[in-house]
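Undergrad: Using only what follows, build the 3D model:
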Amino acid sequence: MGFMSSIFPHSPTKTIEQKIMSLIHDSKELHDILQIHGFLLKTCLQSNNFIIAKLLRKFSLNSSNNMCYARSLFDEMPSPDTFLWNTMIRAYLNCTNHDECLSLFLRLRRQDHLFIDSFSLSLVVQACGRSGFLQNGQTIHSQVLKLGFDGDLFVQTGLTEMYVKFGWIEFARKVFREMKNPDLVSYNVLLAEYVRIGEMGLARQLFDKMSLRDLVSWNTMIHGYASLGHVGSAHTTLDACGEKDFFSWRSTVGQYSNSKQPHEALRLFHEMQLTNLLPDKITIISVLSACGDLGALGMGRTVHKYIERNRIEVDVKLGTSLVNMYAKCGDIDNASKVFNGIKKRDVFLWSAMIMGLSNHGYGEVALDHFDNMISEGIKPNGIIFIGVLSACSHVGLVNKGWKYFSAMSDEYGLTPEIEHYGCMVDILSRAGCLDAARELIRNMPFEPDPIVWRAILGACKIHKNVELAEEATTKILSLEAHADGNYVLLSNIYSQAKKWEKVVDVRRKMKENKIQKVPGSSSIEVGTAVHEFVAGDR
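TA: Here you go, the predicted structure:
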């Protein structure tokens, strides 16, 4: 049976209009929508404004590429009313075609037999704000005053949002103050705009003035603090919020993870689980990142099982997070299983796998993966080359390392960063080519950082090059005067060379600078918690 045969099913209580409206609502593909339109042309329903309006909205929501069909349908209407004009203007707004939105409004303004309502004005005000054209916005504001809608709450809310988007905060506050009885929507719109531009001070003032707040208000504040890195304020606001949804938790869990506070991220995630709220994909990605940073393999596996149990699609982004987590936790087998299970791979997924293999000593496998990636036509990024060069370092492939380092700029148009120079220094140093490593440092296009110097310092201990070790340590201490590890490494080099007076000198400098060796620490996962232990704990 054809698509249109479903118009007359066994439901006599429904009118033909209701059946058409249901069909439009349920249609997914363009050819279905066009088929409905064809049916309307054969009936008297092509002049039904409500059906045509729903069809216009469906065209615009289906795809922005379908707006030409929507516009043709609108232009065919003999005398569209204000409702249809507003529907078409809104369709352009939804498709971010702000120029057409404004153009259509100006055409409506010239229709003498039609009136402009508050919805018409609010739509075009939104278009002006989102387009960033201040002059158009001011012109529309003058139209608002001329038509007597300056006291309309709907229009005032739109103007407030528009002026914040223009960066005219005082104008926005002035319009807001002129509202006789601002409602919760008006407050939330201004609150969201303050948060969007990072004005959390103004947002807090407005939030404190609100006599009524809903979940949108609380989530806006939580998201605002979290997006600026104020994770403590986000957490405090989350605790103060009575009713919470997964958006409330997501921002704070995500920010703890992003700010490298994985313990807090997992603790908060555990709290979320106790509320019986199901995490969304974004929250899951944040939790996997925290698991990887802590090496919490058990928790990471539990999250993976949750993904499988709930049949959550492992797309390339979630797959990359899983590969990263497993690789950081040392489970390369499961990282490979996830990687191999994803058919459409991007450069970030390849990067995660190559870095994981390289970091765990599978240098040759990492290089094979790189070759496979290139054969699939994916252009490498700078992060992948860090993994590739690290792989060469672990396997001791000096010539191949130089080849990849040169290929960055010669073949792929990438400028080597300090991290790539650091990898090359490490390759040369591990291979005992200390003079070549020192020459590379000397010719770097920027000042070497402590990581570069430490790469050569570690090799100095292996190859007993005290003179170069002293130079490297001097450079490191000028950049990191209070890092205990640098003193300890130099002291060990002197001890190995039996230069005991130098060992005493290093320890004296540590005492003078009040530097103490920081005790090592380790983590252990027990149940759903990760506990950290410091050397010397009882």
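Undergrad: Pull the contacting residues for the spatially most central residue of the chain.
TA: Nearest to the geometric centre of the chain sits Ile282, at 8.9 Å (Cα atoms, centre = their mean). Ile282 sits next to Arg250, Gly254 when contact means Cβ atoms under 8 Å, 6 or more residues apart in numbering. Where C-beta positions appear, they are placed from N, C-alpha and C, glycine not excepted.
Undergrad: All further residue positions should be reported with the first residue as 102.
TA: Noted, 102 is the first residue going forward, which turns the last one into Ile383.
Undergrad: got a pLDDT number for it?
TA: Predicted confidence (pLDDT) for Ile383: 94.
Undergrad: next SSE after the helix or strand containing it?
TA: Secondary structure from DSSP states H and E places Ile383 in helix 382-395. Elements were assigned by DSSP H and E; along the chain past helix 382-395, the next helix or strand is helix 398-410.
Undergrad: So which residues lie in contact with that next one, not counting its own?
TA: In contact with helix 398-410 (Cβ under 8 Å, 6+ apart) are residues 367, 385, 388-389, 392-393, 413, 415, 419, 423, 426-427, 430-432, 435, 626, 629, 631.
Undergrad: which residues in the stretch 352-501 of the chain form helices?
TA: Listed in chain order, the helices found in the stretch 352-501 of the chain under DSSP state H, counting those that start in this stretch are 363-375, 382-395, 398-410, 417-429, 433-441, 448-460, 464-476, 483-496, 499-511.
Undergrad: where in the stretch 452-601 of the chain is pLDDT low?
TA: Counting by pLDDT under 70, the stretch 452-601 of the chain contains low-confidence ranges at 582-587, 590-591, 598.
Undergrad: how many neighbours does Arg410 have?
TA: Using other Cβ atoms under 10 Å, Arg410 has 8 neighbouring residues.
Undergrad: Repeat that for the one 10 residues further on.
TA: Neighbourhood size, Gly420 [other Cβ under 10 Å]: 22.
Undergrad: That one and Phe449 touch, don't they?
TA: No - if you go by Cβ atoms under 8 Å, Gly420 and Phe449 don't touch, sitting 9.6 Å apart.
Undergrad: Overlap of the contact sets of those two?
TA: What both Gly420 and Phe449 touch, as defined by Cβ under 8 Å, 6+ apart, is an empty set.
Undergrad: Next one: Ser334 from Ser318, what distance?
TA: Distance of Ser334 to Ser318, given as Cβ to Cβ, to the nearest Å: 15 Å.
Undergrad: elements contacting the helix or strand harbouring Ile125?
TA: Taking DSSP H and E as the criterion, Ile125 maps to helix 117-127. Packing contacts for helix 117-127, counted by 3 or more Cβ pairs under 8 Å, 6 or more residues apart in numbering; DSSP states H and E, involve helix 131-142, helix 150-163.
Undergrad: Nearest to Ala293 among these would be which one?
TA: Nearest to Ala293, of all these, is helix 150-163, at 22.6 Å by Cβ to Cβ.
Undergrad: Tell me the buried residues in the next helix or strand after the closest one?
TA: Once helix 150-163 ends, the next helix or strand along the chain (criterion: DSSP H and E) is helix 168-177. Buried positions in helix 168-177, judged by neighbour count with 16 or more other Cβ atoms under 10 Å: Met168, Tyr170, Ala171, Arg172, Leu174, Phe175.
Undergrad: Format the CA atom coordinates belonging to stretch 252-265 as CSV.
TA: Taking C-alpha atoms only, stretch 252-265 is exported to CSV below (Å, rounded to 0.1, in the frame of the first residue of the first chain):
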residue,chain,number,x,y,z
GLY,A,252,5.1,47.4,26.7
ASP,A,253,4.6,43.8,25.3
LEU,A,254,6.4,41.3,27.6
PHE,A,255,7.0,38.9,24.7
VAL,A,256,8.7,41.6,22.5
GLN,A,257,10.6,43.1,25.5
THR,A,258,12.1,39.7,26.3
GLY,A,259,13.3,39.4,22.7
LEU,A,260,14.8,42.9,22.7
THR,A,261,16.6,42.1,26.0
GLU,A,262,18.2,39.0,24.4
MET,A,263,19.0,41.0,21.3
TYR,A,264,20.9,43.8,23.0
VAL,A,265,22.9,41.3,25.2
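Undergrad: residues in contact with that stretch?
TA: By Cβ under 8 Å, 6+ apart, stretch 252-265 touches 219-220, 222-223, 226-227, 229-230, 238, 242, 245, 250-251, 270, 272-273, 276-277, 279-284, 286-287, 290-291, 294-295, 297-298.
Undergrad: And stretch 524-532, what's buried?
TA: Cys524, Met525, Val526, Asp527, Ile528, Leu529, Ser530, Arg531, Ala532.
Undergrad: so where's the stretch 152-301 of the chain uncertain?
TA: Looking at the stretch 152-301 of the chain by pLDDT under 70, you get 163-165.
Undergrad: could you redo the last one with a cut-off of 90?
TA: By pLDDT under 90, the low-scoring segments of the stretch 152-301 of the chain are 152-181, 195-197, 212-215, 232-236, 251, 266, 268.
Undergrad: which parts of stretch 306-317 are buried?
TA: Quick answer for stretch 306-317 (16+ other Cβ under 10 Å): Leu307, Phe308, Arg314, Val317.
Undergrad: Kindly report the same for stretch 335-353.
TA: Neighbour-count burial for stretch 335-353 [16+ other Cβ under 10 Å]: 335-336, 338-339, 342, 345, 347-353.
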